[in-house]
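Undergrad: Dropping a prediction and its sequence here:
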Amino acid sequence: MIRQGENLAPKIREVIAKYPPVKYVITQTARNDDGTDPFPPNRTEILVGLKDYKLWSDTIPKKELVRRIQADLERNIPGASFNAGQPIIDQVMEIVTGSAADLAISIVGDDLEMMRRKADSIAVIVKGTAGAASVNIEQEGTQAQLAININRENAARFGINVSDIQNMIEAAIGGRAVGTIYHGTKRYDMVVRYLPENRNSIDVIKTLQVPSATGGLIPLEQLADIRFVDGQTNIYRIDGKRMVTVRTNVHNRDQGSFVKELQEKIGREIHVPKGYSIIYGGQYENLERAGKQLLITIPLTIVIVFVFLFMLFKNMRHTFVTMSCMLMAMAGGIVALFIRGYHFNVSAGVGFVSIFGISVMAGVLLVSALNRELYKSPLTVRASVQKVAVDQLKAIMMMLIVAIIGLMPAALSTGIGSDVQRPLATVIIGGLTATLLFVPVVIPSLYYWLERKGHKPAGEA
């Protein structure tokens, strides 16, 4: 299997390297050199380095480039599946959640065969759900393995120790260090191992000669039961229990609604016995955790803003008028996400928290000016409100337009880290734009509506 993967690696590099934006391609078959990633021998990791965006001859987005490369690979190498990600985030997500996918649906229990059947059924459900992409099962299925079970009675009959047979098998098939070679300050193990043609066939392995106590050579097939069996290639665990994971990426849809729909389908169609469970992880796990934190952070932010505004104005009506800026800013942020085709994520959530504060600043500027003018001016309420609205328009425009222009590069960036910047900047720009358009009109109107009765111009008895 490793040999087959090695034969496919040059073809993979050739397919990817033909795209102009690609700078280099590196492939690695099976697990890495230090063995920290327990990958099976039929897995190949591909590291693709891209040129700087300004050097691209094609003006296509990176997502489109990845889609084309993935489709090209699947067309040229039938039967293989390809998943795309980023090196650092993939490593971090594999360490934190066990999977680098957007969503990992794990069945936890003990019976691997039953769990595999359930995972196959879940994979079918996931593939039929809108937004699913690159659906597969994380763990490979069973694979033919060479099993050598030593017959202890036969070994004893020939006067051969079990350890001698084990050492023979290890040395012939896997390789065994039998000595050390020193070259200056360097030290090398001297390993004994049969040539590939003498160990790559079960018929050849059966004829391996094991020396007996009398000096005779006994074929291995007389000392052990040698046959192929189906066995697990790798077994993943979580909290001491076995785990089989269905992984999928989510495209053109927000993860929250995707997972909610999937949970309903799986809960309706998949039933696991007592002692087994289905858990949802991957990057969705981080989104869910951050979402719970935002459910606390956003209301707390609103409460704190309300408290400080009330301390400033000492008037409930003026406090609520100022806080209405938040509604305008939130609506603008939602519309901006919709226009750019982005879904709500942690970055966008942070953007909403930010625009609450900035939009309230515009409201404070306007309401404070209205209060000062209203209680010192001999004009009517309507005239005072109109005067302040015109006078403060320049200040509000200067404050918001500078912030909008400053965030435009982040909203339009395509470089490293832009995936995090763009949703945040988009929300803030949308919120500030809505604030700029509506606050100079809505806030004075609300203020006038609340203050038009019962207020007398300055100097009247």
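TA: Looks like it came in fine.
Undergrad: gap between residue 247 and residue 130?
TA: Distance of residue 247 to residue 130, computed by Cβ to Cβ, to the nearest Å: 18 Å. Heads up, the C-betas are built off the backbone N, CA and C, glycines and all.
Undergrad: who's more crowded, the two?
TA: residue 247 (24 against 11; other Cβ atoms under 10 Å).
Undergrad: what kind of secondary structure is that one in?
TA: strand (DSSP: H, G, I helix; E, B strand; the rest coil).
Undergrad: confidence score at it?
TA: Looking at residue 247, its pLDDT reads 85.
Undergrad: For this protein, which element, helix or strand, carries the lowest mean pLDDT?
TA: Least confident element among the helices and strands of the chain, by mean pLDDT, DSSP states H and E: helix 87-96 (a mean of 65).
Undergrad: Downstream of it, the next helix or strand is which one?
TA: Next helix or strand after helix 87-96 toward the C-terminus (DSSP states H and E): strand 103-109.
Undergrad: Give me the sheet partners of that following strand and which way each runs.
TA: Paired neighbours of strand 103-109 in the sheet (DSSP bridges): strand 241-250 (antiparallel), strand 277-281 (antiparallel).
Undergrad: In the shortest one, which residues are buried?
TA: Along strand 277-281, the positions that meet the burial threshold by neighbour count (16 or more other Cβ atoms under 10 Å) are 278, 281.
Undergrad: Now do residue 25, the pLDDT please.
TA: 92.
Undergrad: And for the one 10 residues further on?
TA: pLDDT for residue 35: 58.
Undergrad: change the start of the numbering to 35 and stick with it
TA: In the new numbering, first residue 35, that becomes residue 69.
Undergrad: Quick check: closest non-adjacent residue to residue 91.
TA: Spatial nearest neighbour of residue 91, excluding adjacent residues (Cβ to Cβ, 6 or more residues apart in numbering): residue 54 at 4.7 Å.
Undergrad: Please work out how many residues are found near that neighbour.
TA: Count around residue 54 with other Cβ under 10 Å applied: 11.
Undergrad: Residue 48 now?
TA: 11.
Undergrad: With residue 476 instead?
TA: Residue 476 has 17 nearby residues by other Cβ under 10 Å.
Undergrad: Am I right that the residue nearest to residue 91 sits in a helix?
TA: No. Checked against three-state DSSP, residue 54 lies outside a helix; its state is coil.
Undergrad: measure it to residue 146 for me?
TA: 45 Å.
Undergrad: so which helix or strand takes in the spatially closest residue to residue 429 that is not a sequence neighbour?
TA: Distances taken as Cβ to Cβ, 6+ apart put residue 399 closest to residue 429, at 6.2 Å, once the chain neighbours are dropped. Assigned by DSSP H and E, residue 399 belongs to helix 380-408.
Undergrad: Give the rounded mean pLDDT of that helix.
TA: 85.
Undergrad: The residue nearest to residue 429 is in contact with residue 432, isn't it?
TA: No. If you go by Cβ atoms under 8 Å, residue 399 and residue 432 don't touch, sitting 10.5 Å apart.
Undergrad: For the closest residue to residue 446 other than its chain neighbours, grab phi and psi.
TA: Leaving aside its sequence neighbours, residue 446 sits nearest to residue 456 (Cβ to Cβ, 6+ apart; 7.9 Å). Here is the backbone geometry of residue 456 (degrees, to the nearest 10): phi -60, psi -50.
Undergrad: Now do the same for residue 456: its pLDDT.
TA: If you check residue 456, the pLDDT there is 87.
Undergrad: ranges for the helices of the protein?
TA: 36-51, 96-110, 121-130, 146-161, 186-191, 196-203, 236-240, 289-303, 317-347, 350-374, 380-408, 415-446, 452-485 (DSSP state H).
Undergrad: So which elements touch the fourth one?
TA: Counting by 3 or more Cβ pairs under 8 Å, 6 or more residues apart in numbering; DSSP states H and E, the packing neighbours recorded for helix 146-161 are strand 137-143, strand 166-171, strand 275-284, helix 289-303.
Undergrad: right, so of those, which gets closest to residue 479?
TA: Proximity to residue 479 (Cβ to Cβ) singles out helix 289-303 among the helices and strands packed on helix 146-161, at 35.8 Å.
Undergrad: Need the residues that contact the closest one.
TA: 136-137, 139, 155-156, 159-160, 163-166, 284, 312, 314, 317-318, 321, 325, 377-379 (Cβ atoms under 8 Å, 6 or more residues apart in numbering).
Undergrad: in it, what's buried?
TA: 289, 290, 292, 293, 296, 300.
Undergrad: How far away from the center of its chain is it?
TA: 18 Å (Cα atoms, centre = their mean, to the nearest Å).
Undergrad: Residue 117 and residue 105: what is the separation?
TA: The value you get for residue 117 to residue 105, if Cβ to Cβ is used, is 13 Å.
Undergrad: neighbour count winner among those two?
TA: residue 117 (15 against 11).
Undergrad: May I have the residues that are in contact with that one?
TA: 134, 135, 168, 170, 281, 283.
Undergrad: Just give the nearest non-adjacent residue to the fifth one, would you?
TA: Put plainly, it is residue 281. Using Cβ to Cβ, 6+ apart, the nearest residue to residue 281 is residue 135, at 3.7 Å.
Undergrad: which ones are touching that neighbour?
TA: So residue 135 contacts 117, 168, 281, 282, 283, 316, 317 (Cβ under 8 Å, 6+ apart).
Undergrad: what about the last one, neighbour count?
TA: Per other Cβ under 10 Å, the neighbour tally for residue 317 reads 23.
Undergrad: so it sits right up against residue 119, yeah?
TA: No. Counting by Cβ under 8 Å, residue 317 stays clear of residue 119, with 9.9 Å between them.
Undergrad: on that earlier part again, quick one: which of the helices of the chain is nearest residue 217?
TA: helix 196-203 (27.0 Å).
Undergrad: rewinding a little: now the contacts of residue 135 in JSON lines, with distance to residue 248?
TA: Formatted as JSON lines, those follow (distance: Cβ to Cβ, whole Å):
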{"residue": "117", "distance to residue 248": "58"}
{"residue": "168", "distance to residue 248": "61"}
{"residue": "281", "distance to residue 248": "57"}
{"residue": "282", "distance to residue 248": "62"}
{"residue": "283", "distance to residue 248": "64"}
{"residue": "316", "distance to residue 248": "61"}
{"residue": "317", "distance to residue 248": "65"}
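Undergrad: Among the residues you listed, which one lies nearest to residue 419?
TA: For the contacts of residue 135, with residue 419 as the reference and Cβ to Cβ as the criterion, the closest is residue 317, at 49.4 Å.
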